[in-house]
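Colleague: what's the 3D shape of this:
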Amino acid sequence: MKRFLTCFLILCTLSLMAAGGGDKPFRVVIDPGHGGHDPGAPGKFLKEKDVVLDIALKLGAYINQNMPDVEVIYTRKTDVFVELHKRAQIANEIHADLFISIHCNGSKSSNPMGTETWVMGLHKSDANLEVAKKENAVILLEDDYSAQYDGFDPNSPEAYILFSFFQNANLNQSLEMARRVQDQFRERTRRVDRGVKQAGFLVLYKTTMPGILVEAGFLSNPQEEAFLASDEGKSYIASAIYRALREYREWLANKNKMQEEASRPIISEKPAQPQSEESRALPGGLEYGVQVRSSSVRLSADEPDFHGLTPLKEYLHAGAYKYYLGGLATYAEAMGVLQQIKNRGFNDAFVIALKDGRRIALTEARKESGE
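Modeller: Below is the predicted model:
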């Protein structure tokens, strides 16, 4: 057990160190679950290993046809058994940017239905733990699994306590991709949305990049088995994941752009000063500003969202704390700063006016300042 904990800590470090190279293509590893002598969840007519392989190949085809700057790598393209640690090894060795593991659900009851997308984390319910135990039990089919996974017992609830030590440096990105997959399943494919969830999946824990595990439906449900048996149904699932990937890449590009922009200070015609005796507020305590955030609790100026926004001010209005870039002497200057802030991704930012620290209507401020 100590060796297993040591492996957790090493992988935490690898997650923090892993980063995409400058000019390398965006690499997506598609992992069809199970395979070979591991059939996965059984339906009345279908086997999970066959359904997920079809979905994976369709997903890869969509990406290859429509995203030429993305390189697709499969953990398997045929009906073969691939050990969990080798699936992660494939992704780690090529420094993949995203790992997508595709599965189907099963239940003792024929009633449950719907899709769910999982990320690596600590389970928050017994139901989540049971899903992780079911997927991790695949290692029992591997040769010498006890040595390979340092004594980890997939059927022992106590073994999963170790996942509480795992700090996934890629959690936020994994959640972003997972949320987009579920949005697509719900809104475009009209599947029952069972949500984004967290649990300790070995195949995700051993990867050093953002990763998700998709459960595309319940083969134990006759309606969903029929859907997943059809070529149309599998195409819908694959195209939903593809569209989510496309949105995720757009989000990632905007995030990187915002981080680059945040390294440069907001530029105005004259340097803005904090509200003090050096304040640039107009006579009578009037000033313009650009509001970027509202919060029910007081925030620190060191908030990551505020990086590069200086000098940032605060005022209390309608029971909430409002944060704005202030000390702007004219409405025109405020509009110029607003555009710069929106270019950084603060799409909800807007111009405000305050007098003696109290917010007033823009029409009143412009009238008083002669604008």
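Colleague: Could you identify the helix or strand that succeeds the longest helix along the chain?
Modeller: When the chain is parsed with DSSP state H, its longest helix is helix 231-262. In the C-terminal direction, the helix or strand that comes right after helix 231-262 (DSSP states H and E) is strand 286-295.
Colleague: Check which residues of the longest helix of the chain are buried.
Modeller: By 16 or more other Cβ atoms under 10 Å, the buried positions in helix 231-262 come out as 233-249, 252, 258, 261-262. (C-beta placed from N, C-alpha, C; glycine too.)
Colleague: Burial check on V52, number of neighbours?
Modeller: By other Cβ atoms under 10 Å, the residues close to V52 number 29.
Colleague: Tell me the buried residues in the helix or strand encompassing it?
Modeller: According to DSSP H and E, V52 maps onto helix 48-66. Using 16+ other Cβ under 10 Å as the test for burial, helix 48-66 gives 48-60, 62-63.
Colleague: mind listing what the residue nearest in space to the middle of the chain touches?
Modeller: By Cα atoms, centre = their mean, the chain has its centre lying nearest to E176, at 2.1 Å. E176 is in contact with Y248, W251, L252, counting by Cβ atoms under 8 Å, 6 or more residues apart in numbering.
Colleague: Buried residues in the helix or strand harbouring it, which are they?
Modeller: Assigned by DSSP H and E, E176 falls within helix 171-187. Neighbour counts over helix 171-187 (16+ other Cβ under 10 Å) mark 171, 173-186 as buried.
Colleague: Following it in sequence, what is the next regular element?
Modeller: Going down the chain from helix 171-187, the next helix or strand is strand 193-199, by DSSP H and E.
Colleague: Now do the helix or strand following that next one, average pLDDT.
Modeller: Elements were assigned by DSSP H and E; along the chain past strand 193-199, the next helix or strand is helix 202-205. Helix 202-205 carries an average pLDDT of 72.
Colleague: Now do A253 against P112, distance only.
Modeller: Separation of A253 from P112 (Cβ to Cβ, to the nearest Å): 37 Å.
Colleague: what's the following helix or strand after the host helix or strand of E333?
Modeller: Using DSSP H and E, the element containing E333 is helix 331-343. Next in sequence after helix 331-343, counting helices and strands by DSSP H and E, comes strand 350-355.
Colleague: on that earlier part again, show me what the helix holding E333 is packed against.
Modeller: Packing partners of helix 331-343 (3 or more Cβ pairs under 8 Å, 6 or more residues apart in numbering; DSSP states H and E): strand 286-295, strand 320-328, strand 350-355, helix 362-368.
Colleague: Could I get the buried residue list for stretch 82-89?
Modeller: V82, E83, L84, R87, A88.
Colleague: any idea how far that stretch is from the chain center?
Modeller: Mean C-alpha position of stretch 82-89 versus that of the full chain (Cα atoms, centre = their mean, to the nearest Å) differs by 23 Å.
Colleague: just to revisit the earlier point, what does the helix holding V52 contact?
Modeller: Helix 48-66 is contacted from outside by 28, 30-36, 38-42, 70, 72, 74, 76-79, 100, 102-104, 106, 216, 219, 228-229, 234-235, 237-239, 241-242, 245-246, using Cβ under 8 Å, 6+ apart.
Colleague: low-confidence ranges in the chain?
Modeller: Of all residues in the chain, those with pLDDT under 70 make up the ranges 1-23, 121-169, 203, 258-284, 300-308, 310-311.
Colleague: how's it carved up into domains?
Modeller: Domain ranges of the chain: 2-256, 286-368, per automatic domain parsing.
Colleague: which one of these is the most hemmed in?
Modeller: Mean neighbour count (mean count of other Cβ atoms under 10 Å) peaks for domain 2-256 among the domains of the chain, with a mean of 19.
Colleague: mind checking how far E333 is from V290?
Modeller: 10 Å.
Colleague: likewise D50?
Modeller: 56 Å.
Colleague: cool, R191 as well?
Modeller: Counting by Cβ to Cβ - R191 and V290 are separated by 41 Å.
Colleague: what do you get for D231?
Modeller: For D231, the distance to V290 - Cβ to Cβ - is 52 Å.
Colleague: now V80
Modeller: From V80 to V290 the distance is 57 Å (Cβ to Cβ).
Colleague: same thing with T117?
Modeller: Relative to V290, and taking Cβ to Cβ, T117 is found at 36 Å.
Colleague: what do you get for E116?
Modeller: Separation of E116 from V290 (Cβ to Cβ): 40 Å.
Colleague: and if you look at T208?
Modeller: With distances taken as Cβ to Cβ, T208 is found 39 Å from V290.
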